[in-house]
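> Please find the sequence and the predicted model below.
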Amino acid sequence: MIRTGWRRLNQLRLGAAWLLCASFFLMVPLEFSLLDWQRTPHGTWLIAPVEPLSAGQMAVLAVWGIILMAGSMVFVLCGCLFRFSHERRLLGSELEARDIVYFTAWVQTFQIALPLLLVLLPEQGETEALSLLASYFPFMWICLVSLFLLRGKWRQIGCVPVDAAFWVKVPLVIVGLYLFFVLAVDRHLTEWFADLCSLELSSWREESISRGIEQAGQTHPVLLLLQWITIGFIGPIAEEILFRGYLQGWLTKHIGAVAGVGASAMLFALFHIDVALFPGLFLLGVAMGWLRVWTKTLWAPIMFHCLNNTVATWVDMSASISWGYF
């Protein structure tokens, strides 16, 4: 009886992990469903988050949150009872689907705990500062969870030593790719897709990032620096661990390099919830996936991603500085 009870608890925790993993990926269609397509006087579509949410949408989000909170509690409490034996067994083993399941389950668990942290903080200033950084917390959770779950298997996601030749040729290729995206993809492909689909080129996601940087500059210089570090470095590292490390690594192993690069790039583009910039984001994912395959390391796509984000963030920061926020 005791063994049967422990087995059921073990299965319950595995079920909670799969629920949290599924919710991690189902957040994409859920967020797309919360976008509002507004017809402009020019006959184009302006896409932005729905404001305010309808009663039905709020009810769905409330039920969603309750289910995820219950799943997180089961996942953590049962994990404590088993002293996180599943996670310990994953250490050093081959990269498999269960790695992705437990990885995303832990990221979701930490993310669900964030609103509670914001509510419990008594100081208004601390709450405001955390609110500005809240959208980037998933990246921090990804990095923190990776430090634990990837012990003994960093090589399997591409974190391997590189030789001197890498630092000679790869940075040149990365700069060339970056210039191609700035001069060709951003200027031509994005505009062509927007015209084809009658979409406004304005991106609510990028505008939200710019407003966050502007608000951080008005609040405190240290907060502005944290925004730059988070968007320019922590975000790219986290996304590359997830998309080119975990997902592309597992997909390539099962469906081949070309399909693995394409599938991970598709997921990368979808997770950004940006319809107008989707083709550019997909090609960006393909380019970083190709860098991962070509160099056989995760460092190359991380470098490219960091270059892309730091330059874009610095442009927004320069605008904040020129407006006299310091």
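Sure thing, it's come through.
> Number of residues surrounding T313?
Neighbour count of T313, defined by other CB atoms under 10 Å: 22. Quick note: C-beta positions are derived from backbone N, CA and C, even for glycine.
> Check W37 too.
Counted with other CB under 10 Å, W37 comes out at 11.
> Grab the most central residue of this protein for me.
E239 (5.0 Å; CA atoms, centre = their mean).
> now stretch 95-113: how far from the chain's centre is it?
13 Å (CA atoms, centre = their mean, to the nearest Å).
> Flag every buried residue along it.
By 16 or more other CB atoms under 10 Å, the buried positions in stretch 95-113 come out as 95, 98-112.
> Tell me the one among those residues nearest to S203.
Nearest to S203 among the buried residues of stretch 95-113 is Q111, at 23.0 Å by CB to CB.
> hang on, the earlier thing: does the strand or helix carrying the residue nearest to the centre of the chain pack against any helices or strands, and if so which?
Using DSSP states H and E, E239 maps to helix 235-239. Helix 235-239 sits against helix 137-149, helix 299-322, with contacts defined as 3 or more CB pairs under 8 Å, 6 or more residues apart in numbering; DSSP states H and E.
> Can you add distance to L20 and mean pLDDT and give those back as TSV?
As requested, these are exported to TSV (distance: least, CB to CB, whole Å; pLDDT from 0 to 100):
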stretch	distance to L20	mean pLDDT
helix 137-149	12	86
helix 299-322	26	86
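> Need the ones you listed in CSV (columns: distance to W204).
Shown next, in CSV, are the helices and strands packed on helix 235-239 (distance: least, CB to CB, whole Å):
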stretch, distance to W204
helix 137-149, 18
helix 299-322, 15
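> Of those, which is nearest S208?
helix 299-322 (11.4 Å).
> How far off centre is the closest one?
16 Å.
> now the strands for the stretch 151-300 of the chain?
Taking DSSP state E, counting those that start in this stretch as the criterion, the stretch 151-300 of the chain carries no strands.
> Could you list the low-pLDDT ranges of the stretch 51-200 of the chain?
90-93, 115-134 (pLDDT under 70).
> give me that answer again for 50
Across the stretch 51-200 of the chain, the ranges flagged by pLDDT under 50 are 125.
> after the longest helix along the chain comes which helix or strand?
Ranked by number of residues, the top helix in the chain under DSSP state H is helix 2-33. From helix 2-33 onward toward the C-terminus, using DSSP H and E, the following helix or strand is strand 35-39.
> CA atoms only for that next one - export them in CSV, please.
The C-alpha coordinates for strand 35-39 follow below in CSV (Å, rounded to 0.1, in the frame of the first residue of the first chain):
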residue,chain,number,x,y,z
LEU,A,35,-4.6,40.5,-29.6
ASP,A,36,-7.1,43.1,-31.0
TRP,A,37,-7.1,43.7,-34.7
GLN,A,38,-8.2,47.3,-35.4
ARG,A,39,-8.9,48.6,-38.9
